[in-house]
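> below is the sequence, then the predicted model.
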Amino acid sequence: MTDALNADHITKVFGGLTAVDDVSLHVGEKELVALIGPNGAGKTTFFNCLTGVGPATTGTVKIGGQEVKKNTKAYKVAQMGISRTFQNIRLFSKLSVLENVLIALTNHYKENFLTAVLRLPAYYKTEEAMEERAKELLKDFDLEDVMYFPAGSLPYGTQRRVEIVRALATEPKIICLDEPAAGMNPEETADLTRLIKRLQTEYGIAVLLIEHDMSLVMNLAERIYVLAEGKLLAKGTPSEIQNDEAVINAYLGGGADV
Amino acid sequence: MKKNWKYNLCWLILMVAGFYLINTLMLAGVINTFIENMLVTIGINIILAVGLNLVIGFSGQFSLGHAGFMALGAYATGIMTQTMNTAGGFYLSILVGVVISIVVALLVGIPTLRLHGDYFAIATMGAAEIIRIVINNMKITNGAAGLFNIPQFATWDVVYIFVCLTTIVTVNFIHSRDGRAVISIRENEIAAEAMGVNTTKWKLSAFVLGAATAAIAGSLYASYLQTIVPSTFGIMESINILIFVVLGGLGSITGTFVATTLLGVLDAALQSLGVLRMVFYAVALIIIMIFKPGGLFGKWEFSFKRLLTKKQDGDMKEAGKESK
Amino acid sequence: MQTFFQQLINGLSLGSIYALLALGYMIVYGISKLLNFAHGDVYMLGAYWGYYTINYLHFGFITALITAMIVCGLAGVIIEAVAYRPLRNAPRVAALITAIGVSFFLENGMSYLVTSDTRNFPQVIKQKTFDLGGVMISNIQLIILVTTLILTLGLMYIINYTKTGRAMRSVSTDYDAASLMGININHTVSITFALGSALAGAAGVLIGLYYNSIDPLMGMTPGIKAFVAAVLGGIGSIPGAAVGGFLIGLLETAVQAMGFSAFRDAAVYIVLIVILLVLPGGLFGKKQVEKV
């Protein structure tokens, strides 16, 4: 069984500042792992290293056992089977929810310029297949009522959901969620918890989760990594982390948002 | 799949009807040379503006060098048809213009599409100026004096057909998998990459397709007017095309058609005013932009599908291809 | 060597004009993020102001220069208030089109009022040429260089050491944050347009003096080159814009001296594209990276 994600000795340096310092992390197949840490600990920077948005200075990343070579562009990394959501939601806000998902399906359907431009039967066939697949996903996550609405016009919580479904539509091996519960009320957070669980159980996808909301993390994660000041402070099961001296001092103890 | 034929048929009928309407008015003498001239100019501008809308409105890359590609097509036709004075030679020259334009668009686009916003604008503007200056100093193009007595193959009907063809190609491209990838770049480039969309490739495709249609417009321009000079294809021409696009609405082909037609008619109507014409034109431009900053149509598209099904599903299948 | 220094002086004189234009363009661009196509036309207005006041009101050079700066500054404030302010929260491209509209309006309005003929700028200062070991430098060239230097230093002082300058810098960094800090945005933007346009007006009078001919369309190309110069130097850097202006002046003069005057503008654009590709932030600017 290959791991969904292996990150070995990741270091990221900005100018003179080491934002991520020798962090190693792995997420097994269909595993649900959380990465926590105080603000400025380097969590999002680490995500950017994994997804190729801001490649690591040193260290290697493997997605589904396949090594990501140096200078691989973000879209290629995404095609290797890693998908993500963003801390500050990045939907295609003027496009409909359906179109958002259709765009995520881009690489799974072949269409060529000529069939599209000449509207040959092959074009309609692909379009129909894509739409069917997108609608299926949207229905599965109770988004079919809003699928023709511009994504940017939806309530915040729904936008988060759309972003996750869009990430799912790229058929990744692993989804990285960057603070998905930020700004949500308890009810929405509960819905979100169920949704993330489904990614793992129904779709068989590994999840790496950055989150501040402790209840969400403790409920969901099988293992937890704790990052502080760019370094890996601790790792273990939720109960191990809850009882870890260093973690309590650095994070859980002082945090008002526990 | 069957139902789609209905909408496509509607568009076909509209296009044929437009053709016959103009043809009849022409035979009846309602359309005189002046109006024909205006219609052809509008048609050529529509080809240019639709192509530029693809680049700016759909892929979100702010190009200010569209006239450079138009020049390539114009000079390909101007030079070639002087020795190959046949319809075949004319169509071959269009093809050559398109190929040259694609090659130049690749050469310009591959390095500069990395630039963002105004930097890309200024780089494309520079590239177009370089094209113009080179043409201005070559022997085969007859330098600043330009080419004249170019044989006329592009009559109004040829232009009409090309307006329809280039629009169909562009609109069908936009409403395909590839077109959606292009639009996603405009909406959010970082998110598009995270979805596995090869942003460089799709930006470049939109840019190249825009350049190719601009070359076609250039060929038609050269062949219809029979005279071309390099100064026509300067920054002002690129800006004029930009005005059509922004006025109609970035991302609305329907808007491009309406705005280009409106401004074409306005321009012809004010012809007798001389310099004052441009003063009015400028004031109109400022006022329209202040009250309609998203352009006349925003991103709205006319659609037979929506008209016929009356289903409010926001679907944007086939878009504006009304007659000139 | 002699020719080299001669061309250097010619290039610097022309470059001064571009530098003044680029400085004005840059501060306006910095605060409004707008490709202000009308900037070159304000420069044309300055030249015409000089032409009429010197010819008919018998102004001296200094009076003409200062009044031209005031008038052009006012013109800049009016243009901003009428055409750009209503579009501050609109898509940027809409503001760009109004800028083009304003440019058309000024060019054609002037063509209508004063005809599109090229006019000879009055020689308010008698040209004297000094011979520095074979290198000729005229008093007009000296005046241009000195004026540019004084105005550049003045602008740097205003931006770096005055309260207004601090307000300008904060508004160009972040509108919302600046207004939360109690800065009057409209006021600050107006002052910026006034300053930028005043510099353009000064450049207009100087170019009239130097080239001795003016026409209503004279601002088109220099306006665009001013932006090229600002980009070359790096948007956001005052010394950058000045250096960019001088570089373009020198480059044009050098290409011309080598006998390729037809390719003068092409050389400018080639250098621009190369610089943008190698140093995306320009010579003195910082590259903006979008935060994820």
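Structure's in. What do you need?
> in the stretch 1-150 of chain A, which residue sits nearest chain C?
Closest approach between the stretch 1-150 of chain A and chain C, counting by Cβ to the nearest Cβ: A:V53, at 5.3 Å. C-beta: built from backbone N, CA, C; applies to glycine.
> secondary structure element holding that residue?
Of the helices and strands defined by DSSP states H and E, none includes A:V53.
> show the pLDDT at it.
Looking at A:V53, its pLDDT is 87.
> with just CA atoms, put stretch B:96-107 into PDB.
C-alpha atoms of stretch B:96-107 as PDB (Å, rounded to 0.1, in the frame of the first residue of the first chain):
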ATOM      1  CA  VAL B  96      -0.400  32.700 -45.100                       C
ATOM      2  CA  GLY B  97      -1.300  35.800 -43.000                       C
ATOM      3  CA  VAL B  98      -2.900  33.500 -40.400                       C
ATOM      4  CA  VAL B  99       0.100  31.300 -40.300                       C
ATOM      5  CA  ILE B 100       2.500  34.200 -39.900                       C
ATOM      6  CA  SER B 101       0.300  35.700 -37.300                       C
ATOM      7  CA  ILE B 102       0.200  32.500 -35.300                       C
ATOM      8  CA  VAL B 103       4.000  32.200 -35.400                       C
ATOM      9  CA  VAL B 104       4.500  35.800 -34.300                       C
ATOM     10  CA  ALA B 105       1.800  35.400 -31.600                       C
ATOM     11  CA  LEU B 106       3.700  32.300 -30.300                       C
ATOM     12  CA  LEU B 107       7.000  34.200 -30.300                       C
END
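> low-confidence ranges, chain A, go.
Within chain A, the segments meeting pLDDT under 70 span A:1, A:251-258.
> what does the most centrally placed residue in it show for phi and psi?
Among the residues of chain A, the one closest to the centroid is A:C176, at 2.1 Å (Cα atoms, centre = their mean). Note on A:C176: its backbone torsions stand at phi -100, psi 120 [degrees, to the nearest 10].
> any idea how far chain C is from it?
As judged by Cβ to the nearest Cβ, to the nearest Å, A:C176 and chain C stand 12 Å apart.
> who does that residue form a beta bridge with?
A:R84, A:L208 (DSSP bridges).
> contacting residues for the residue in the stretch 101-250 of chain B that chain C sits nearest to?
Distances between the stretch 101-250 of chain B and chain C by Cβ to the nearest Cβ are smallest at B:G126, namely 3.2 Å. If a contact means Cβ atoms under 8 Å, 6 or more residues apart in numbering or on different chains, then B:G126 has B:65, C:228, C:268-270, C:272-273 as its contacts.
> farthest-separated two in those?
Farthest apart among the contacts of B:G126 by Cβ to Cβ are B:G65 and C:V268. That separation is 15.0 Å.
> so what would you say the end-to-end distance of stretch B:131-145 is?
Distance across stretch B:131-145, first residue to last, is 16 Å (Cα to Cα, to the nearest Å).
> which parts of that stretch are buried?
Of the residues in stretch B:131-145, B:131-136, B:141-142 count as buried by neighbour count, 16 or more other Cβ atoms under 10 Å in any protein chain shown.
> could the C-alpha coordinates of the helix-or-strand element of chain B with minimal mean pLDDT be exported in PDB?
Lowest on mean pLDDT, DSSP states H and E among the helices and strands of chain B sits helix B:304-309, with a mean of 78. Output of helix B:304-309 as PDB, limited to C-alpha atoms (Å, rounded to 0.1, in the frame of the first residue of the first chain):
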ATOM      1  CA  PHE B 304     -31.700  31.000 -28.500                       C
ATOM      2  CA  LYS B 305     -31.700  28.200 -26.100                       C
ATOM      3  CA  ARG B 306     -32.700  30.400 -23.200                       C
ATOM      4  CA  LEU B 307     -35.300  32.200 -25.400                       C
ATOM      5  CA  LEU B 308     -36.900  29.000 -26.600                       C
ATOM      6  CA  THR B 309     -36.800  27.000 -23.400                       C
END
